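1. Based on what follows, work out the 3D shape:
(chains A, B and C)
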Amino acid sequence: MLKTFKLGGVHPAENKLSADKAIEKLALPKSVFIPVAQHIGAPAQALVKKGDQVKAGQLIAQSGGFVSANIHSSVSGTVKKIDLSPDSSGYPKQGIFIDVEGDEWAEGIDTSDKLVEKFEADSKKIIDKINAAGIVGLGGATFPTHVKLMPPQGMTAEMLLINGVECEPYLTSDHRVMLEKAPELLVGIRLLMCALEVKKAYIGIENNKPDAIAHLQKLTASDASIEVVPLKVKYPQGGEKQLIKAVTGREVPSGALPIAVGAVVNNVGTALAVYEAVQKNKPLVERVVTITGKSVAKPSNFLVRIGTPVQELIDAAGGLPEDAGKIISGGPMMGKAIASTTVPVTKGTSGILIMQDKEAKREQMKTCIRCTRCVTVCPMGLEPYYLMTVSDKKLWEKAEEQHIMDCIECGSCSYTCPADRPLLDYIRLGKGKVGSIIRSRKN
Amino acid sequence: MSDTIIYTMIALSAIGILAAVILYFVAQKFKVYEDPRIDEVENALPGANCGGCGYAGCRAFAEACVKENDLSDLFCPVGGNDCMGDVAGVLGLEAVQQDPRVAVVRCNGSCEHRPKTNQYDGASSCAAAASLYSGDTGCQFGCLSHGDCVAACDFDALHMNPETGLPEVVDDKCIACGACVEACPKTLIELRKRGPKDRKIFVSCRNEDKGGVAKKSCAVACIGCSKCFKVCPFDAITMNNNLAFIDSDKCKLCRKCVVECPTNAIIEVGFPPRKIKTDLPPKPAVKKEAVVKPESTASEEKKTENLD
Amino acid sequence: MSKLLTISPSPHVHTSDSVNKIMYRVLLALVPALAWSVFMFGFEAIRVTLLAVAACMAFEFLIQKFLLKEVPQITDGSAALTGILLAFNVPASLPSWMIIVGALVAIGVGKLSFGGLGNNPFNPALVGRVFLLISFPVHMTSWPVTQHAAVDALTTATPLALLKEGVKAGQPVSEVMLNLPSNMDLLYGNMPGSLGEISALFLLLGFAYMVWKKVITWHIPVFVLGTIFIFQGALWMLNPENFIEPVFHLLTGGAMLGAIFMATDMVTSPMTVKGQLIFGVGIGVLTVLIRNFGAYPEGISFAILIMNGFTPLINAYIKPKRFGGTK
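-> Residues are numbered from 1 along each chain as shown, chains lettered A, B, ... in the order given. Coordinates of the predicted model:
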């Protein structure tokens, strides 16, 4: 019997089209646009100006606070301008445009493939390096990693959880990293364990990746401190709280952070970035991105420099299909639809999914027949049908009473609704409103 | 038999008296003193319970009027000056006269002016769309056309024009309660002073992008060229973030800015047609003279109206 | 790019399930029981069913189009389902005009007056059935003899009615039981009764299909039937002379039809499993009470309608278990 979380969950068609495609290096683009806000928290402050020469790996924007992250140039070339341009949110964001010239790396960065296993076991130094490298959660939430590694006063981490679940359909970037970069990944995990001063790490992997499970189990056979935990395939197992519940059986209390139950969760991509930052001195300037879709000629996994326009990926995967109806940055359950292919790949871009016309459109909404499916699948034990109604009617107090803020926006309710009701659209709206009411109450 | 009747009468009377005494004391104990003037003020109010005054309803507003003992910050937009006069009469206070206001939609980005750059396919709510992304056109400041404002209006004064995809205010019905102003996530709706004969001149744009970007996304966007700012004789126009704004309290409706605007972002409503129509080019720089003329008549006209 | 891309909030994929599919699957689940009815009652069963379905769909269409001025939604299958369930709940010999009246009440009063699909507090088919039962008690309790019975009569009494009369007349249950069909007959449906309720076996087949296709969960039927079994069993243990053994009550009357197809109506049943437990137990207890102590021999229709009335209350107070909840 495989482990999984207990409450709710759905199982959308997996469609892992690019699962057996090895990671390829994407050719350098002509120019990149690197937004200064690619993470949760304060935007970084640009350090360069128009006309400056930069090298790959060079710091170009300084972290803007504790919850913030450094931004490094992903290419070498000339700063063309610092201006607004839309990122995947659709809103224009401040960022640095760089024209690519050659591929020269800043000094001290080891770009070779040589595995460096030995490291100095000093928590503070590791965290400082992670902070300097601008590493954020690569699963998509983009929360600055160094913040996660410093538990608040009075709380201690007991274990590290590595999220190799990749429960989103289509996406395979984490899967490929686990297969191809396993030794580096394991060093990254040890570094994270050392930084957190914990003795135990679990790698949670869904059972639809048996090759990754077997591979990592083989490599960790001699190391009792790292355990690979195969999990039953169920969405949203990659959600922090669900993963902790699935692996350890502990339940993060409502409104609390995972550290409240002694767990810190990091994505496999993040762990790899940690390895490169600490062992190779290489800041976070590239990541693995899946480009996929039913009509895409060559679904692939690319190693992409941050700031590369999405169009470059699409071209490399065989061009935009005729019947493309929607382009999604991220997976189909939680990703964001983008309006233009000029938006850049950022630290949080785990995949680009191109949906066909016929998949892209939603069905007409019908009346709720109270079939209870949304309640059954909600992994947080909420009542989506009710939250939608109160959000639509602007009954914010009732929404708060019914714990709308617990919603993790996984989309299981909208996914499963047979009446095609946009449950999450309204819940998200209500959540935003209730959140601002709560904040204003605190002030 | 008669005994039974007597006992019954005595018992019932006793219970009745006891209950009356209990009721009396309870009523005394829990008596809530309420200023009788609250009821009077409430009666003077229109009873729309729209919340346009900023209070939960007419009753709450009446309580506030009585409690504040000063009407300078309190105004009922539905009842207007007459109603506030009545309220002031009840309380023996002075009401502050306020100019009647009307809601104005500051976006003219119809389908024709502002081409779509993507199709939105989600919950039909401006708030939901705005929290998702910048909108289905190149302009991130413009109307999203899902009609949150129309839904918010209790007075049937806002309607969606299916052709332009923009909301339109029915001036006669609008009482300037401000519900639509709150509802619009793009803050496109403004309460402006109601001009004579419902005339108004306003910048029908909220685009703060640089001129080129704005113009590219919408044909009638304000490009922040400041021409109107320079031409305005009454200092009614301010420039901020590449966007002109006409202060309705200062504007004398002279219409000079309207012809000056190179993108027709400034809109005039309710004026008679200009006399020299043929000479009115979209590029006003050509004929300054011809343009000035109708303006002066317009402002004169306006002055006379102001007198009555 | 010439073509405009679509933008919508996540999630971007959707299950292939739809309201229509749910409705048609329930209809499919009713087919075995319907086939058995046709076998038992012949042409009359077809007449009643077709008429009820046609009348329900026609009323829904006409009322939505001309009275409510809405776009008619008859293709969603819910009106057809109401029609079939109504037909299942009446004797196969019911006059045609009564069926039409029942359909009008079911659709007009039971469903559309509350706002149509999804808003009706009571199961529409049961509203129609109970209306007919109260208005035309004679017709509604004249059960046609099944085609394969050896008796030479036009109408007969249901096992539940026989039991009730016997007990009323002061006969001990053991004596009454001699006149009743065996449990085996009851199981596959060799007994008089309402059109669709007679074969427990084929109704259970439909139940299995619906659970397999995830149209419904097992909870409500099991709670209802379990409660009937336990409660009646307790009464039987206390006094076997006055109360019959529980399996009889599970297999007779509308117990199976009600528990599997009527109580599980999504619109009128609670949202949470805990709520469904209260709902199911309530139906079971009320059914046993009405059957044993009430004026009517059968009580599950009333029991379901009464518990339908409690559903909003249950939904308001019984909340699902929250992840990380303190309580």
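
2. give me the element the residue of the stretch 51-200 of chain C found nearest chain B is part of.
-> Proximity of the stretch 51-200 of chain C to chain B (CB to the nearest CB) peaks at C:Val71, 16.7 Å away. For every residue, glycine as well, the C-beta is placed using N, CA and C. Counting by DSSP states H and E, no helix or strand carries C:Val71.

3. what does the stretch 151-300 of chain C put close to chain A?
-> C:217, C:266-267, C:269, C:271-272 (CB under 8 Å from any CB of the partner chain).

4. Looking at these, which is nearest A:Glu101?
-> Using CB to CB, C:Met271 is the member of these that lies nearest A:Glu101, at 61.4 Å.

5. what does chain C put close to chain B?
-> So chain C meets chain B at C:4-9 (CB under 8 Å from any CB).

6. Report the buried members of those.
-> C:5-9 (16 or more other CB atoms under 10 Å in any protein chain shown).

7. Relative to chain C, how far out is A:His376?
-> In this structure residue A:376 is Thr, not His. From A:Thr376 over to chain C the distance is 8 Å, taken as CB to the nearest CB, to the nearest Å.

8. just B:Ala244 next, same as before
-> 30 Å.

9. That residue - how many residues pack around it?
-> 24 (other CB atoms under 10 Å in any protein chain shown).

10. Mind telling me what element it is part of?
-> Using DSSP H and E, B:Ala244 sits in strand B:243-246.

11. Give the partner strands of that strand in its sheet and their orientations.
-> strand B:237-240 (antiparallel) (DSSP bridges).

12. just the buried ones among the residues of chain C next to chain B that are near chain A?
-> For chain A, the contacts drawn from those by CB under 8 Å from any CB are C:5-9.

13. Could you save these as TSV and add columns showing secondary structure and pLDDT?
-> Shown next, in TSV, are those (DSSP: H, G, I helix; E, B strand; the rest coil; pLDDT from 0 to 100):
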residue	secondary structure	pLDDT
C:Leu5	strand	87
C:Thr6	strand	88
C:Ile7	strand	89
C:Ser8	coil	89
C:Pro9	coil	89
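
14. Let me know the closest of those to A:Asn207.
-> Nearest member of those to A:Asn207, counting by CB to CB, is C:Pro9, at 29.8 Å.

15. Past the strand holding B:Ala244, which element shows up next along the chain?
-> Scanning forward in sequence from strand B:243-246 by DSSP H and E, the next helix or strand is helix B:256-260.

16. If we go by neighbour counts, what in that following helix is buried?
-> Buried positions in helix B:256-260, judged by neighbour count with 16+ other CB under 10 Å: B:256-260.

17. and the residue of the stretch 201-308 of chain B nearest chain A?
-> B:Asp209 (7.9 Å).

18. what sits against the residue of the stretch 301-443 of chain A found nearest chain C?
-> Of the residues in the stretch 301-443 of chain A, the one nearest chain C is A:Gly411, at a distance of 3.2 Å by CB to the nearest CB. Neighbour list for A:Gly411: A:333-334, A:424, C:10-11 [criterion: CB atoms under 8 Å, 6 or more residues apart in numbering or on different chains].

19. Lowest-confidence one in those residues?
-> When the contacts of A:Gly411 are compared on pLDDT, C:Ser10 comes out lowest, with 86.

20. any idea how far that residue lies from chain A?
-> Taken as CB to the nearest CB, the span from C:Ser10 to chain A is 5 Å.

21. so that residue is in which element?
-> Per DSSP H and E: C:Ser10 is located in neither a helix nor a strand.

22. From A:Asp425, how far out is it?
-> Taking CB to CB, to the nearest Å as the measure, C:Ser10 falls 9 Å from A:Asp425.

23. Looking at these two, which is more packed in?
-> Shown here are C:Ser10 and A:Asp425; by other CB under 10 Å, A:Asp425 has more neighbours (28 against 24).

24. So which residues on chain A come close to chain B?
-> Neighbours of chain B within chain A, by CB under 8 Å from any CB: A:86, A:89-92, A:336-337, A:339-340, A:360-362, A:422, A:425-426, A:428-429, A:432.

25. one step back: mind putting the buried residues of helix B:256-260 into CSV with pLDDT and distance to C:Val130?
-> Formatted as CSV, the buried residues of helix B:256-260 follow (pLDDT from 0 to 100; distance: CB to CB, whole Å):
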residue, pLDDT, distance to C:Val130
B:Lys256, 87, 76
B:Cys257, 90, 72
B:Val258, 90, 70
B:Val259, 88, 75
B:Glu260, 88, 76
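
26. Now the nearest residue to B:Ser134 once chain neighbours are set aside: which helix or strand?
-> Excluding the flanking residues, the one nearest B:Ser134 by CB to CB, 6 or more residues apart in numbering or on different chains is B:Gln140, at 3.6 Å. In the assignment (DSSP H and E), B:Gln140 maps to no helix and no strand.

27. which phi and psi does B:Gln140 have?
-> Here is the backbone geometry of B:Gln140 (degrees, to the nearest 10): phi -80, psi 0.

28. isn't it right up against A:Lys93?
-> No - assessed by CB atoms under 8 Å, B:Gln140 is found out of contact with A:Lys93, at 11.1 Å.

29. Tell me which stretches of chain A form helices.
-> A:123-132, A:145-148, A:173-180, A:182-196, A:210-219, A:240-248, A:268-279, A:310-316, A:357-360, A:373-377, A:384-392, A:396-401, A:412-416, A:423-442 (DSSP state H).

30. What are the buried residues along the fourth one?
-> It refers to helix A:182-196. A:182, A:184-196.

31. Show me the chain divided up by domain.
-> In the absence of a named chain, this looks at chain A. Domain assignment for chain A by automatic domain parsing gives A:1-9+A:16-26+A:111-361, A:373-442.

32. ah, I was thinking of chain C
-> If you go by automatic domain parsing, chain C breaks into C:19-140, C:157-194+C:202-317.

33. Could you export the ones you listed to a markdown table, including columns for distance to A:Gly255?
-> Converted to a markdown table, these look like this (distance: least, CB to CB, whole Å):
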| stretch | distance to A:Gly255 |
| --- | --- |
| domain C:19-140 | 33 |
| domain C:157-194+C:202-317 | 22 |
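
34. now the ones you listed as CSV including mean neighbour count and mean pLDDT?
-> Converted to CSV, these look like this (neighbours: other CB atoms under 10 Å in any protein chain shown; pLDDT from 0 to 100):
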stretch, mean neighbour count, mean pLDDT
domain C:19-140, 21, 91
domain C:157-194+C:202-317, 20, 90
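
35. residues in contact with the residue of chain B found nearest chain A?
-> Chain A sits closest to B:Tyr133 of chain B, with a gap of 3.0 Å, by CB to the nearest CB. Listed by CB under 8 Å, 6+ apart, the contact partners of B:Tyr133 are A:89-91, A:336-337, A:339, C:7.

36. Check the burial of A:Met365 by counting its neighbours.
-> Neighbours around A:Met365, by other CB under 10 Å: 15.

37. pretty sure it contacts A:Leu423?
-> No - with contact defined as CB under 8 Å, A:Met365 does not reach A:Leu423; the gap is 9.9 Å.

38. tell me the contacts of residue 157?
-> You didn't pick a chain, so chain A it is. Taking CB under 8 Å, 6+ apart as the test, what A:Ala157 contacts is A:151, A:196-198, A:259, A:262-264.

39. Can you look at chain C instead?
-> C:143, C:165, C:192.

40. so where do the strands sit in chain B?
-> B:101-105, B:118-120, B:158-161, B:166-169, B:189-193, B:200-203, B:237-240, B:243-246, B:266-269 (DSSP state E).

41. Adjacent strands (with direction) for the fifth one?
-> Put plainly, it is strand B:189-193. Paired neighbours of strand B:189-193 in the sheet (DSSP bridges): strand B:101-105 (antiparallel).

42. So which bits of the strand it pairs with are buried?
-> Within strand B:101-105, the residues scored as buried using 16+ other CB under 10 Å are B:101-105.
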